[in-house]
Each structure stands twice: as C-alpha cells, then as structure tokens.
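**Q** could you work out the structure for the sequence below:
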Amino acid sequence: MVSWRRLSGVTGIAAAAIAAGAGAVVVAEKIAVGRIRLRPDPAADEPFGEIRGEVMTVTADDGLPLHVEVSGPTTPANATSTPVTIIFCHGYTLNSDVWYYQRAGLERSARLVFWDQRSHGRSGRSDPELVSIDQLGADLHEVLVATAPGDMPVVLVGHSMGGMTVMALADQHPELIGSKVIGAVLISTAAGTVDPVTWLPALLRPAVRVAMPSMMTGASRGRMAEMVERGHQGHTDRRHRRLLRRAGRAREAARAPGARQHSGGRADRRPGPAGRPRPVRSGRVGDPRLEADQDPRCRPCGHTRTARGGQRGDRGPGDTGAGNPRGQ
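**A** This is a model prediction of the structure:
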C-alpha cells in the first residue's frame, strides 16, 4: 500500500512540475507578445467597438435582460426568399464586440445577431445559482425565437463557452436541428470534460494527468498546500537522513585505530601553539566531515598525539585534554 508520505511527495513533485511548466509557458508567451508588440500594429486604425446594430432587449426565462444587436440587410416586403440569420455566441469573460471582423465582413450579405450572454457585457447580472451551461442554452433559445421568428433559417456560431451554449440548445430542442437551425460553427470548444493540461508542454502532460485526480481531490478538501508542504518536507527529510549517515560514517572513521584527524583540507604547516601544525578546515558550511571534526567526542586525541610522536594519553604543552576522557 502506498504510504501517505510517498503519495504526498509524488503529488508535491507533480505540483512543482505544473508550476515549472506554467512558468515556462508564461515566459514564452511574454517573449512572443513582446516581439509582436515591437511590430507596427496593422489594426491601429480599426474602429473596434464602434460598429453597432439595432439594439433590442430579450428577456430570459428567469426575467434577466439580455443585450442583443441585429445587423445586416432588412427583408423586403415582396422578397421571395428569407435570408439566413447568423447568431453569434461569444466565449467566457468576453462580449459581443469580439465579433468585430465578422460583423464588418458579413453585414452586407447576411442578417447578423450578436448578443451578450448573461453576466457578460451589457446583459444583466445573473443569480450565481442560475449560471449554468443549460441556462445559457435556454437563453439562446429565447434569443433565437425573438430575432428569427417563423421559418427564418438560422446558423449558430459559438466560440469556447458559446459553443457549449449552442450544444446545450441542441440538447434541449433537438426538433430545431435540421429544420430551423440549418448549420452550426463551433470554434475552440468542447462537448465534454475539458482537459486541464493542454496548455502544458507535451512532455509534462502524461505525468500531470496521472497526478491530477489526487491533486484535485486534495484541493477540493483544502489540502493542496498541505500536500505540497509534505512533499517538500519529505524531500528535506531524505536530505537530512543522507547528511546524518555521512556524518555517522565520518565519526566511525575518526574513531578507528590509527586514523588521523580529518581536517577537511590540507594542513597548514605554519607553527601553531606548542609548535604543532595548524589544521586548516576547509569545505562547505554544514559539511558532515567538518561536523565530525568539530565534535569533541569524535576527536581521536590519543591517536593524534601518537602520530605526532607522543605517547597515548600524554598531554602536550597547552593540551587540556578536552574531548579525551582518557586524558583527564
């Protein structure tokens, strides 16, 4: 059975990989955007947001006002055919102004309907509990009935969330598809669960997909920070255990008969106190070899003095015998 420590460690690593992938994507995006901004803007003179159609308000089934604009040629009274009405549904956090180029390019050849979905643009703000894809489909049905009555044919265009709105309408009113609705255009949308890792680099996606269910479960319970911290702590604990093992081996080597005191570097041969060589301790802070040297319990004082030519247990001039119980 997989332990919680191992699972949290893997989850923490996956979260770190996601953060690293996100950082790489953001950096690459900023570089690309920065390069594009250095170029002359070919659309600098475009009157974005200034092309307006005939404004009307459509009331949703819960009473919410929906902002709608109708553009394009009107139908003459003696016309023998009914023009197609194209209804555009924008994406999340956008509004109907995103269809500027479609409005400018098609307004002379077709009847165009642009509307702001609930809680977007100029439409009313909805009760949060009534915001759902099914509700958006019901809103689109009200817009369709109000702007394309009778047998007027309709083509639905949806981008991102707007595409989901179109599919919700098709699910709620299948009788309209093929008779009233003669075509649909779906742009950058999905009919099912959206893959949350498509924006990551391709090499990271498989690992993140495996870790995502447990990560999302923990996040839904408010435990994401705890899992990431446990993963970090697990990595730190493993590093500390390695350092302790290395320090233990250094102590054992220092206690071995005939072992010399390890200074972690070459000895300074300049005379020290009582004419003894002065050891120079070199290395990184926290090096377990230096910790073993500095621990008085690990000093083989008797053997060191023997190596200097003295007798075991003898004290040299200025030697207090600190750290050597046998010399006390």
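**Q** what pLDDT does Ile86 get?
**A** If you check Ile86, the pLDDT there is 97.
**Q** assumed it was part of a strand.
**A** Yes. Counting by DSSP: H, G, I helix; E, B strand; the rest coil, Ile86 falls inside a strand.
**Q** can you show me the strands along this structure?
**A** Taking DSSP state E as the test, the strands found in the chain are 54-59, 65-71, 85-89, 111-115, 154-159, 181-187, 267-271, 277-279.
**Q** in a markdown table: those, plus distance to Ala202 and mean neighbour count.
**A** Using the backbone N, CA and C atoms, a C-beta is placed for each residue, glycine as well. Shown next, in a markdown table, are the strands of the chain (distance: least, CB to CB, whole Å; neighbours: other CB atoms under 10 Å):
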| stretch | distance to Ala202 | mean neighbour count |
| --- | --- | --- |
| strand 54-59 | 43 | 14 |
| strand 65-71 | 40 | 20 |
| strand 85-89 | 31 | 25 |
| strand 111-115 | 37 | 26 |
| strand 154-159 | 25 | 22 |
| strand 181-187 | 23 | 15 |
| strand 267-271 | 55 | 11 |
| strand 277-279 | 55 | 14 |
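**Q** got the domain boundaries for this protein?
**A** The chain breaks down by automatic domain parsing into domains covering 54-187, 261-327.
**Q** picking up where we left off before, rank the strands of the chain by pLDDT, which is bottom?
**A** strand 267-271 (a mean of 49).
**Q** returning to what we had before: among the strands of the chain, which comes closest to Arg249?
**A** strand 277-279 (20.2 Å; CB to CB).
**Q** can you list the weak-confidence ranges in the stretch 1-150 of the chain?
**A** 1-23, 25-26, 37, 74-81 (pLDDT under 70).
**Q** residue boundaries of the helices in it?
**A** Per DSSP state H, counting those that start in this stretch, the stretch 1-150 of the chain carries helices over the ranges 4-37, 100-106, 133-147.
**Q** hang on, the earlier thing: of the strands of the chain, which is nearest Arg251?
**A** Closest among the strands of the chain, using CB to CB: strand 277-279, at 17.3 Å.
**Q** related to what we said a few turns ago, nearest to Leu244, out of the strands of the chain?
**A** Ranking the strands of the chain by proximity to Leu244 (CB to CB) places strand 277-279 first, at 24.0 Å.
**Q** spatially nearest residue to Phe48, not counting backbone neighbours?
**A** Tyr100 (5.5 Å; CB to CB, 6 or more residues apart in numbering).
**Q** let me see the contact set for the one you found.
**A** Contacts for Tyr100 (CB atoms under 8 Å, 6 or more residues apart in numbering) come out as 46, 48-49, 51.
**Q** which of these sits closest to Ser119?
**A** Closest approach to Ser119 among those (CB to CB): Gly49, at 19.4 Å.
**Q** tell me the spacing between the nearest residue to that closest one once chain neighbours are set aside and Arg108.
**A** Closest residue in space to Gly49, ignoring its immediate chain neighbours: Asp97 at 4.9 Å, by CB to CB, 6+ apart. Shown here: Asp97 relative to Arg108, a distance of 19 Å by CB to CB, to the nearest Å.
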